[in-house]
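[1] quick one, what's the 3D model for this:
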Amino acid sequence: MLFVFASCGGKGEDQKDETAGLLSSFTAETLDGEQADQSIFEGKKVTMVNIWATFCGPCINEMPDLQKLHEDYADKSFQVVGIVCDVYDADDIKTAKDIVKETGVKYVSLLPSDSLNEAKLNSVSSVPETIFVDETGTVIAGPYIGSRSYNDWAGIIDGVLAE
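    Modelled structure (predicted):
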């Protein structure tokens, strides 16, 4: 398991505990410029939230597998949502869009926002970090630190869906 230590919002004294409703109330913009909020989770039993960074090789390397999981598990009320945590200006957005295009990712990628920083990103100390949430934004599994293969993630997803 490879991972990169990075600051994606920092780890503050007021670090939010990963408890019920962690992502139950937020607003953000998608990489495509659309507005998004916690309703992105509605209608899905499980959402895999993958926090990644543009400088993180392991993050980028696993993205095609995450896209395949997003497609292969779609009929099981499952989806993947990405959060690119190191985007601060137009150049960063272009870099993130280029990565998404190169890796073939079609699932939604969220940009950092004040509410996402407060809810989760301020407690991220390494990427990739992945959590699983239910349709209310409540964490039901994770965090998982580091990248994994398609088969490793599939085993974890199967377990989370079975609960």
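
[2] for residue 148, give its distance to residue 95.
    Distance from residue 148 to residue 95, counting by Cβ to Cβ, to the nearest Å: 24 Å. The way it works is simple: take the backbone N, C-alpha and C, and place the C-beta from them, glycine included.

[3] compare those two (neighbour count), which wins?
    Using other Cβ atoms under 10 Å, the more surrounded residue of residue 148 and residue 95 is residue 148, with 19 against 16.

[4] surely that one meets residue 62?
    Yes - between residue 148 and residue 62 there is a contact under Cβ atoms under 8 Å: 6.7 Å.

[5] and the contacts of the longest helix belonging to the chain?
    Taking DSSP state H as the criterion, the chain has its longest helix at helix 57-72. Defining contact as Cβ atoms under 8 Å, 6 or more residues apart in numbering, one finds that helix 57-72 is touched by 2-4, 48, 50, 52-54, 78-80, 82, 99-100, 103-107, 127-128, 146-150, 153-154, 157.

[6] and residue 30, what pLDDT?
    Looking at residue 30, its pLDDT reads 97.
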